[in-house]
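>>> Can you look at this prediction? I've put the sequence above it.
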Amino acid sequence: MYNLIGAGLIVIGAGLGLGKIGGSAMEAIARQPEATNKIQTAMIIIGALLEGLAFGALILGK
Amino acid sequence: MINLKRALLVLAVVVLSASPICLLANEEVRAEKPNDKSKEIGEYINHHLQDDHFFSLYKAGEETVGFPLPVILVDNGLKVFSSSKLQHGKAVVEMDGQFYKYYHGKIYKTDAAGIINYDDKHHPTNTKPLDFSITKNVFGLFLAAFLMFVGFLSLAKTYKKGSSNLPKGFGRVLEPLVLYVRDEMAIPNIGHRYKEFMPYLLSVFFLIFTLNILGLTPIGFNVTGNISITVCLALFTFIVTTIKANKDYWKHIFWMPGVPVPFKIILAPIEVLGMFTKPFSLMLRLFANITAGHSVIMGLIAIVYLFQTQLTVGGSIGISMLLTLVLFFLELLVAFLQAFIFTMLSSLFIGMAVEEHAHH
């Protein structure tokens, strides 16, 4: 049972983090549409780092 | 004449038939308790995620159809035999006076009766010979290497004739990816010494990409979802960064310049730990993403069997195939993204190792 609670917490953490990144990326693109490519690349990199943490925690906690 | 409509039709046919259990979907509905079925499906999924000595394609009734791969053991001499002799753990193989038995993925040395001794936690305590067999993962690696050779040798031939030659055929798909790795990952992160590291970055990128895509085919590979493979890839990045690092890098780890002496001593173990956690996270990220993707897709396909009473055969197949299709496209994106992230982070670490600082 505690496994599921832990999994839920992990997903909350990942969701909050990714949402924050996505939000600031959207704002930055809105301010400067010509820098869209660079912002997109940076956003994907940080997204993958966060997902790595979330998945790692999921696997380590089974 | 290849036009868009034809191409989309071929793509739809290939994608909709790309499922690992679609060959089993013609089975009749078995009137069994739901517990047995979900446990059986769980075992099947677990078996697919792990390495195996026998390349099983599908199961017809009680028989597993596939082709056996050679088993190569080193145990006072080289012993080679076909894994069909192991008979999935039912038979004891006798080779030059030694007896071997297969149990849950590993080969153990036993006596003539094939007895395996277990300890308290039901783990076998027999000794194991050194196992260098060609298992499913090794075969997958060979296949990926062969595909990469075929793709890149033809690309290299077009460049030999003139460096601004346009490649023909499949080289046209590979060339933008190669240029992307060079222009977006190597040059911004590594700087002017990027040419030394381009072979490694390109190899890692295309190997992970090819292996991920192979894992999505219905043949049933799962190479990058195996933690041993990702450990080796992360180890390669670690070795490259450690060997090619210059003095500034080591100084920043052990004796960080620009901070007072007590902080230097506190920071040193943290930086050493950071040196190891970076490749560790590389390994864990790739392994977890690919394994989770495979599990989810196989679980969604298993819905065909689990909900046959509630949704009728046609309904369960329809819903399962629809969900699996959506997740399949997500897995295609993940396949490319994981290769991209691995290579990007490797180039970042290499760049940090060979960077030449303007001194403070």
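Alright, I've got the coordinates.

>>> what does chain A put close to chain B?
Contact residues, chain A versus chain B (C-beta under 8 Å from any C-beta of the partner chain): A:41, A:44-45, A:48-49, A:51-53, A:55-56, A:58-59. In this view, the C-beta of every residue, glycine as well, is placed from N, C-alpha and C.

>>> wait, residue A:58 sits on residue B:288?
Yes. Residue A:58 is in contact with residue B:288 according to C-beta atoms under 8 Å; the separation is 6.8 Å.

>>> Pick out whichever of the two has more residues nearby.
Higher neighbour count among residue A:58 and residue B:288: residue B:288, with 24 against 16, using other C-beta atoms under 10 Å in any protein chain shown.

>>> Now do the same contact list for the more buried one.
A:52, A:55-56, A:58-59 (C-beta atoms under 8 Å, 6 or more residues apart in numbering or on different chains).

>>> Chain A: helices as residue ranges?
Using DSSP state H, the helices of chain A run over residues A:2-31, A:36-60.

>>> Report all helices and strands that the first one contacts.
By that I understand helix A:2-31. Other elements packing on helix A:2-31 under the criterion 3 or more C-beta pairs under 8 Å, 6 or more residues apart in numbering or on different chains; DSSP states H and E are helix A:36-60.

>>> For the helix it packs on, the averaged confidence score.
The average of the pLDDT scores along helix A:36-60 is 85.

>>> List the buried residues in that helix.
A:39, A:43-58 (16 or more other C-beta atoms under 10 Å in any protein chain shown).

>>> and the residue nearest the centre of chain B, how far is that from residue B:307?
The centre of chain B sits closest to residue B:224, judged by C-alpha atoms, centre = their mean, with a distance of 1.1 Å. Plainly put, residue B:224 is 30 Å away from residue B:307 if you go by C-beta to C-beta, to the nearest Å.

>>> same deal with residue B:64?
With C-beta to C-beta as the criterion, residue B:64 and residue B:307 are 26 Å apart.

>>> ok, the two, which is more surrounded?
residue B:307 (16 against 13).

>>> what about stretch B:55-64, start to end distance?
9 Å (C-alpha to C-alpha, to the nearest Å).

>>> Over to stretch B:240-253?
End-to-end for stretch B:240-253, by C-alpha to C-alpha: 17 Å.

>>> So for that stretch, what gets flagged as buried?
B:240-241, B:245, B:248-249, B:252-253.

>>> Greatest separation within those: which pair is it?
B:240 and B:252 (17.7 Å; C-beta to C-beta).

>>> what residues does stretch B:209-228 touch?
B:17-20, B:22-23, B:48-51, B:56-57, B:136-137, B:140-141, B:143-144, B:147-148, B:208, B:229-230, B:283, B:286-287, B:290-291, B:294, B:328, B:331-332, B:334-336, B:338-339.

>>> near chain A too, which of the residues you listed?
B:287, B:291, B:338.

>>> Can you classify the closest residue to residue B:49 other than its chain neighbours by secondary structure?
Excluding its sequence neighbours, the residue lying closest to residue B:49 (C-beta to C-beta, 6 or more residues apart in numbering or on different chains) is residue B:222, at 5.5 Å. Reduced to three states with DSSP: H, G, I helix; E, B strand; the rest coil, the structure at residue B:222 is coil.
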